[in-house]
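Chemist: kindly generate the corresponding structure for this input.
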Amino acid sequence: MAGHSQFKNIMHKKGRQDAIRSKLFSKLAREITVAAKMGLPDPAMNARLRAACIAARQENMPKDNIDRAIKKASGADAENYDEVRYEGYAPGGVAVIIEALTDNRNRTAGEVRSYFTKAGGALAESGAVAFMFDHIGLIEFDAKVASEDQMLEAAIDAGADDVASSEDGHEVITSIEALRSVAQTLETKLGEPRKAVLGWKPQNTILVDDEAGEKILKLIGNLEENDDVQTVYANFEISDALMARLGG
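Modeler: Below is the predicted model:
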């Protein structure tokens, strides 16, 4: 029986991983389709589409899936998605920004609001927390492409605002206006980045207690599980003890 139970657990885990991957591919495909529909269906001529394709390749999304998502943008049956940003407060006064692509604003807003309510937080008006973040361009490279000094020099020459390097890789920060030019310059020198996107960087972070931390992490998990939600940003830190307990 032990062997049978172990096999079932492995299959359940694999099934969950497959489901997560399928959901991720669906979100990536939606972004690719929207990007292709808003501009030219050529990644070389459409910065947002190129960024979406880079993100898809980094997640090992099959090329056929990427091509199909691009072609879908020009098809008669292409869905229309609205870009929506939600803002709210999680437990501990933590600010949260959610970016979504939805074909039904009422449905998505209702679902996002319910996640906040269940977590003990609240959805807020647009602009309520965005001022606590900087809207930035973010370009990421693997650590192996350059040393910390080489990346700093390349980023400065390309016109970036800041660089953070660690064993996990290099994060290059730019203004939203300079993202495309900086990304292109760095790609010429260092190869394709693993990410080149617009994002939100908290100006300051809040260290929350473990009880609030668990609630916030559950809230973010529920948000990220939602089919319409693309990205989630929050200005909090959790304790080392909670991080260790969660296996981080």
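Chemist: quick check: residue 57 touching residue 50?
Modeler: No. Contact between residue 57 and residue 50 fails when scored by Cβ atoms under 8 Å: they sit 10.6 Å apart. In short, each C-beta sits where N, CA and C put it, glycine included.
Chemist: tell me how far the nearest residue to residue 236 once chain neighbours are set aside lies from residue 48.
Modeler: Spatially, and ignoring its direct neighbours in sequence, residue 236 is nearest to residue 94 (4.3 Å; Cβ to Cβ, 6 or more residues apart in numbering). Relative to residue 48, residue 94 is positioned 29 Å away (criterion: Cβ to Cβ, to the nearest Å).
Chemist: more neighbours: these two, which one.
Modeler: residue 94 (25 against 20; other Cβ atoms under 10 Å).
Chemist: so if I had to pick from residue 57 and residue 50, which one is more boxed in?
Modeler: Shown here are residue 57 and residue 50; by other Cβ under 10 Å, residue 50 has more neighbours (20 against 15).
Chemist: below-threshold pLDDT in the chain: ranges please.
Modeler: By pLDDT under 70, the low-scoring segments of the chain are 1-19, 76-78, 248.
Chemist: ranges for the strands of it?
Modeler: Secondary structure of the chain (DSSP state E): strands located at 82-90, 94-102, 122-124, 133-141, 162-166, 169-174, 195-202, 206-207, 229-234, 236-237.
Chemist: a markdown table for those strands, including distance to residue 21?
Modeler: Shown next, in a markdown table, are those (distance: least, Cβ to Cβ, whole Å):
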| stretch | distance to residue 21 |
| --- | --- |
| strand 82-90 | 24 |
| strand 94-102 | 19 |
| strand 122-124 | 29 |
| strand 133-141 | 20 |
| strand 162-166 | 26 |
| strand 169-174 | 22 |
| strand 195-202 | 18 |
| strand 206-207 | 32 |
| strand 229-234 | 16 |
| strand 236-237 | 27 |
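Chemist: ok, which of these comes nearest residue 29?
Modeler: Nearest to residue 29, of all the strands of the chain, is strand 94-102, at 10.6 Å by Cβ to Cβ.
Chemist: paired strands for that closest one, with orientation please.
Modeler: strand 82-90 (antiparallel), strand 229-234 (antiparallel) (DSSP bridges).
Chemist: send me the longest one as CSV with only the CA atoms.
Modeler: What follows is strand 82-90, C-alpha atoms only, in CSV (Å, rounded to 0.1, in the frame of the first residue of the first chain):
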residue,chain,number,x,y,z
ASP,A,82,-9.3,44.8,-21.8
GLU,A,83,-6.2,45.7,-19.9
VAL,A,84,-7.2,46.4,-16.3
ARG,A,85,-5.2,47.4,-13.2
TYR,A,86,-6.6,46.7,-9.7
GLU,A,87,-5.2,48.1,-6.5
GLY,A,88,-5.8,47.1,-3.0
TYR,A,89,-4.6,46.6,0.6
ALA,A,90,-3.6,43.3,2.0
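Chemist: what's the angle from that strand to strand 133-141?
Modeler: Angle, strand 82-90 to strand 133-141, by axes from the mean of the first three to the mean of the last three Cα atoms, to 10 degrees: 110 degrees.
Chemist: which parts of the protein belong to which domain?
Modeler: Following the assignment in automatic domain parsing, the chain carries domains at 2-72, 82-131+204-245, 143-193.
Chemist: would you map the helices across the protein?
Modeler: Along the chain, the segments classed as helices by DSSP state H run 2-38, 47-58, 63-72, 105-119, 148-158, 179-190, 210-225, 240-245.
Chemist: check which helices and strands the third one sits against.
Modeler: Helix 63-72 is packed against helix 2-38, helix 47-58, with contacts defined by 3 or more Cβ pairs under 8 Å, 6 or more residues apart in numbering; DSSP states H and E.
Chemist: got a list of contacts for it?
Modeler: Helix 63-72 is contacted from outside by 25, 28-30, 32-33, 36, 41, 49, 53, 56-57, 78, using Cβ atoms under 8 Å, 6 or more residues apart in numbering.
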